[in-house]
Each structure stands twice: as structure tokens, then as C-alpha cells.
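Peer 1: Sequence and predicted model, in that order:
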Amino acid sequence: MGTGEIKSPECLPETQASASASASASVNVNSESFRRKKLGVFFVESDDRRTAFGRGYTGGNTPVNIRGKRIADLSKTGGWIAAFFIFGNEMAERMAYFGLSVNMVAFMFYVMHKPFSSSSNAVNNFLGISQASSVLGGFIADAYLGRYWTIAIFTTIYLAGLTGITLCASIGIFTPDQERCDELALLLGNCQPAKHWQMLYLYAVLYITGLGAAGIRPCVSSFGADQFDERSKDYKSHLDRFFNFFYLSVTIGAIVAFTLVVYIQMEHGWGLAFGSLAIAMGISNMVFFVGTPLYRHRLPGGSPLTRVAQVLVAAFRKRKAEFSSSELVGLYEVPGKHSTIKGSGKIAHTDDFRCLDKAALQLKEDGPDPSPWRLCTVTQVEEVKILIKLIPIPACTIVLSLVLTEYLTLSVQQAYTMNTHMGHLKLPVTCMPVFPGLSIFLILALYYALFVPLCRRVTGHPHGASQLQRVGIGLVVSILSVAWAGLFERFRRNYAIEHGYEAIFLSQMPNLSAYWLLIQYCLIGIAEVFCIVGLLEFLYEEAPDAMKSIGSAYAALAGGLGCFAASILNNIVNSVTGDKKETRPSWLSQNINTGRFDYFYWLLTVLSLINFGVFLYSARRYKYRGGHKTETREPVKIEIQKH
């Protein structure tokens, strides 16, 4: 067994050949490299290589203005001032999102006369689709429009959807007859049901709203982060603070939705409540456009799905090629400091997923100008590797999203049976989800004053904890939250049965305060802060330059899958635990006092524990990109094993 080396091709310029010879003299073989059969990199750089979509080379760190021109004086653009204009758009989008999520279930139940369980499933599906389809918005932004124009277009769609929902709640023709429909009639199902076309209209405007959210959500956080200079020595600190303030704006939007919008609904009706969301969205759109001269932009890099497909196809076509083949020239890359992908810097080769490296294997038979469907650059291959390596981390937040989705409906049902008075003030049940928002607001306000200094002493990390550590902390706290929810629900249910409230589940028990729910609410708020903020920052920093929006869409996709998982889990639990023939209520019975919400919460606890174990395994295996990106690359000898 000996070693052989892949020589510099004869067609290379003399300077490159001499550099290769010099590098070869300095590289020694060691037993570890033999044992792992580690593939080194020899970048074969060709000026004949076509660039993506026929465009010139553009660095990934190059901010441009709205016309695509390099910004001469960066001090006049970007930074915190530009970011605050973007915060306003996200605040309004989240206000509308949470306003719909907490009010739409009640609207469908009380106004459209749909059963509570089917109403909550319908809203869960809407929330899931609006988040899962964020991948579409991220794709459009990264491939064609850029983040600014994607936000601009989809906020308009969002506003149109909210306007349609407002009309549904304001004009009587869109809703069934409300006469002779009191609380008893609702419980017995004697209210006039909504006509088929009325529900079709409501679903249509709901999903138009969801489509608008799908374009905004993956772009806003990435576009805000784009406003900071990667070459600044304070970049990491600015980015860390940006994502905390970004989530603070999300929280403020949620708090307004759970308080002001609920108040408007109670005092002035559903039409004005949904109308206030449309007005807020319209104002935020104007604020976003006012900030246009201040924004820094990144050029879209062309279709990321096409580049991924090219890598997969090229790797499959060369699946039989050997790394030790005499026909092998090297791993392909273009010359100079920039990649072929517009808006992206070069990415150095890594040893993961070596089967994909075959897409970049340049053989003598490839010729001087091969098709990108047969030969891809190292950077293009590494993009695909990064996207694959990122998947397990956001996937581990799906269960957290499932828990959050269940809280929006289950905890509201719990609150309906309890006393919501605060002194002489009676808070509406739909205001209860405001408390996680308030806890998030408080935690974010104290984050840098308390948490970071304390954790820095333990971890030595300048920001208190790494991104993955923050995600892990959030998952642990979510387990505590849902476990407590199970314990308290067991107490609440037993109290209701002992005091004769088993059958009258919509009557409040005056001696049992709903503020016991604050413990689970505050714990889940803490979980959100650590998990979601850490995840957003992690995905932005780790995603390839030209795929930042798709990276951020991973988080929204995980949230959407959590909503779908909630609906699926609810259906499974209802079918397995309930039996109409035997008149046995399911765990999620509409009568919460005969159901077993406590068992359901403990089921969520077990799922959360299993999920945390998977996260620990995935996080330990993950390697931060760190210095993977490279601006220039000298030829390096490949030493391989010969059998």
C-alpha cells in the first residue's frame, strides 16, 4: 500500500504548477489521514468556467444599494437605524399573526358556529401552512427578488388578506344567522351553521394572509442582520443584540395582539378588531418603505434549488468515479477570490458527505467547459452539505412549536373554567396568552444585565452561551413548563369534580384563580427566548451566503411542522382515547372536566424529553462553520490511498 498524489494538470499556468510543487513539498503523510482516508483539496481554477446565470463574480460580503450598485459610503446606510425600520414591519406582522391565532378559534366557534375542536384544528392548519410555506418565500428572496422586494410584495398580499378577514367579520352576508344562538345553543350545536361558501371565503382570505406571512417571515430577520458589516470588529456583538431586539419586537406585537386587539373585540366587535390588524399592517408597510434609502442589500444568487439539484445530479452521474482514478484532475473551483454564485464568497472544502464531493470531481473527460449538471464547484457542493448539516437542529424545535401551539388552545380552555379577576378588573380569557409575552419582554430586558454575566463566568463564552447552548436551555425549560401544566391540570380537574362543576365546563369556578396558569406561561416564555432567538442567530450565521433567507426559513418551517404535528396528535389522541359507542370521552373532550388534559400534557412531556435527547446528540456532532469561508485559496496537494 502506498501513496499517490494528484498532480497539477499540465494545462495549468506555470505559476500554479510551481505553487503546487511547493505545496507538495510541505505536506507530510500521517497515519490519521490514512486511517480516515481524508480527502484533501486541490482547487483547479479555470477562467473558462461559466458563471451562474452568465453574471460576473460577486463577493458574499459586498453590500449594494437598491439598484444593485456597490455602496460607496457604508456609514450612511445600514446599522441600527435601518434595523429599527425593519423591526416595525416584523412587529405588525407578528401582531396580526398572534391576533388571528388567538381570536380566530373563538371567531369560528362563536360567529361561524363550528365546533371548538374543528375550529382549533382549522386554525392550527392555517398557522402551520403559513409557517411551512416560508421556504417558498426564502427561495424567492434568495433566488430572484432579494429580501427587500420579497418583503415589499408579500406585505401587500398580507394586507389584502387582513382586509378580506375584516370584511368577513363586518358584513353580515359572510356569517350565519346569529339570532337565537346563546351559550346553551352553542353547546348543544343548535346554532345555524355557516354555509359552505361562507367558510370557503373565510378560508380563502385566511390563506391569502398566510401566503403573505410566508414571504415576510424568512426575510425580515435576515434582511435586518444584513444591515451590519461583517468586517466590523463588533459584528458578532451587534448580531447577537440584533436577534434579541428582533425577538423583542415580535414579543411586543404579540402583547398588543393579546391585549389591545382583544379589548377592541370585546368593546367594539370582531370587525374593528380584525380591522385594527389591517391598519397596523398598512402603517408598518409605509414605515418600511420610508426606510428604503438606508437599507443595505445582498444580491440574489440565483435559484438555490437549481444549484442543489445540479450537485445531486452531478454526484449521481459520477457515483462510480474513484477518488484515486488516474483520470482525476482535482476538485473544481473557479479562480480568484469570489465564487460563481452571485452574492456568495467561496467556501472551503470539508470532509462531510464525501459522496457529494463527486459532483466537484473534474475528470479529463469533462473538457474545458463542462455542463454545471456534470461538474460543480467546491463552493456549490459545500452549500448543499451545509443545508443538510443544518436540518437536525431546527428539526429538534418542532416539538417546542407543537407545545406552543397546544398552549394557544388548551390553556385558553383551562382559563374558561377559572376565575380571571385581577382585583376588581376581570381579564378576558383570550388575554391570558399575554403573560408569556410579558415574561419574554422582561427576560430580554434583563438578558444582558443578568444572564450574560452569570453564564459567562460558568461557560467562558463572551455572549454567555453559544447559540446551540441557548437552544438547549430553551428545550429544557419547555419540558419543565409542560410537566408543570400536567400537574396543575390534574389539580384543576379534581377541584372541578369535587365542587360540582363537572358538567358545566364553561362556568368559572370563583375560588380557583386562572393566574396559576402563569407558571406554565412564564416558563414557556423563557423557553421561547432562549430557543428561538438562539436558533435564528444560529441559522443566519451558519447558512451559506446566498441562502440566508432559506436558512431562516428552516426555523419557520419547523414552526409550521409543529402546528401540523399538533393537529395530527390531537386527531390521534381523540381517536385512540375516545369511544362514542361506549360514551367514553377522549382526553381532549370539549368538556375539559370530563377529558384528561393532564394525561395529554404528560404525553407532551415524554415527547419533549425524547426530543431533547435527540437534540443533545445532534448538537454534540455539529461543528460550527467558523473559518470555513475563504476568500482566496492556494493549490494544495491531495494525498490519497492506493490499494
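Peer 2: Structure received.
Peer 1: Can you tell me the SS state at Gly330?
Peer 2: strand (DSSP: H, G, I helix; E, B strand; the rest coil).
Peer 1: pLDDT score assigned to it?
Peer 2: We have a pLDDT of 77 for Gly330.
Peer 1: gap between Glu93 and Pro394?
Peer 2: Noted for Glu93: a distance of 20 Å to Pro394, by CB to CB, to the nearest Å. Placement of C-beta: from N, CA and C, glycine included.
Peer 1: Next: Glu406.
Peer 2: Applying CB to CB to Glu406 and Pro394 gives a distance of 19 Å.
Peer 1: ditto for Arg492
Peer 2: With CB to CB as the criterion, Arg492 and Pro394 are 34 Å apart.
Peer 1: mind listing what's buried in stretch 598-612?
Peer 2: Buried residues in stretch 598-612, counted by 16 or more other CB atoms under 10 Å: 598-605, 607-608, 611-612.
Peer 1: Give me the lowest-pLDDT entry from the residues you listed.
Peer 2: Where pLDDT dips furthest among these: Asp598, at 90.
Peer 1: That residue sits in which helix or strand?
Peer 2: Using DSSP states H and E, Asp598 sits in helix 597-621.
Peer 1: which outside residues touch that helix?
Peer 2: 392-393, 396, 398-400, 402-403, 406, 410, 413-414, 468, 471-472, 475-476, 478-479, 482-483, 485-487, 489-490, 493, 573, 577, 587-588 (CB atoms under 8 Å, 6 or more residues apart in numbering).
Peer 1: which stretches of this structure form strands?
Peer 2: Assigned by DSSP state E, the strands in the chain fall at 2-6, 43-45, 328-333, 346-347, 361-363, 418-419, 421-422, 425-426, 509-513, 629-630, 638-642.
Peer 1: among the ones you listed, which gets the worst mean confidence?
Peer 2: It's strand 2-6: among the strands of the chain, that one has the lowest mean pLDDT, namely a mean of 33.
Peer 1: related to what we said a few turns ago, can you tell me which of the contacts of helix 597-621 are in helices?
Peer 2: Among these, the ones falling in helices (DSSP state H) are 392-393, 398-400, 402-403, 406, 410, 413-414, 468, 471-472, 475-476, 478-479, 482-483, 485-487, 489-490, 493, 573, 577.
Peer 1: What subset of the residues you listed is buried?
Peer 2: Using 16+ other CB under 10 Å, the buried ones in the ones in helices among the contacts of helix 597-621 are 393, 398-400, 402-403, 406, 410, 413-414, 468, 471-472, 475-476, 478-479, 482-483, 485-486, 489-490, 493, 573, 577.
Peer 1: Low-confidence stretches in this protein?
Peer 2: 1-61, 183-189, 301, 325-328, 343, 430, 505-506, 580-583, 626-643 (pLDDT under 70).
Peer 1: Nearest the middle, which residue of it would you pick?
Peer 2: Ala555 (1.6 Å; CA atoms, centre = their mean).
Peer 1: which residues does it contact?
Peer 2: 394, 397, 532, 535-536, 539.
Peer 1: And it, how far from Ala83?
Peer 2: From Ala555 to Ala83 the distance is 19 Å (CB to CB).
Peer 1: cool, and Gly336?
Peer 2: 32 Å.
Peer 1: Which residue of the two possesses the greater neighbour count?
Peer 2: Ala83 (24 against 14; other CB atoms under 10 Å).
Peer 1: I figured that one hits Phe242, correct?
Peer 2: Yes: using CB atoms under 8 Å, Ala83 is in contact with Phe242, at 6.2 Å.
Peer 1: between the two, what contacts are shared?
Peer 2: 224, 228.
Peer 1: All the helices of the stretch 51-200 of the chain, residue numbers only.
Peer 2: 79-110, 116-132, 134-140, 146-170, 183-188, 196-225 (DSSP state H, counting those that start in this stretch).
Peer 1: With just CA atoms, put the third one into CSV.
Peer 2: Spelled out, that is helix 134-140. C-alpha atoms of helix 134-140 as CSV (Å, rounded to 0.1, in the frame of the first residue of the first chain):
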residue,chain,number,x,y,z
SER,A,134,-41.9,30.2,4.4
VAL,A,135,-39.5,28.1,2.5
LEU,A,136,-41.2,29.4,-0.7
GLY,A,137,-40.6,33.0,0.5
GLY,A,138,-37.0,32.2,1.3
PHE,A,139,-36.4,30.6,-2.1
ILE,A,140,-37.9,33.6,-4.0
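Peer 1: Any figure for the gap between the residue nearest to Gly224 when sequence neighbours are not counted and Cys396?
Peer 2: Once flanking residues are discounted, Gly224 sits nearest to Ile86: 4.4 Å by CB to CB, 6 or more residues apart in numbering. Ile86 is 28 Å from Cys396, where distance means CB to CB.
Peer 1: Fine by me, thanks again.
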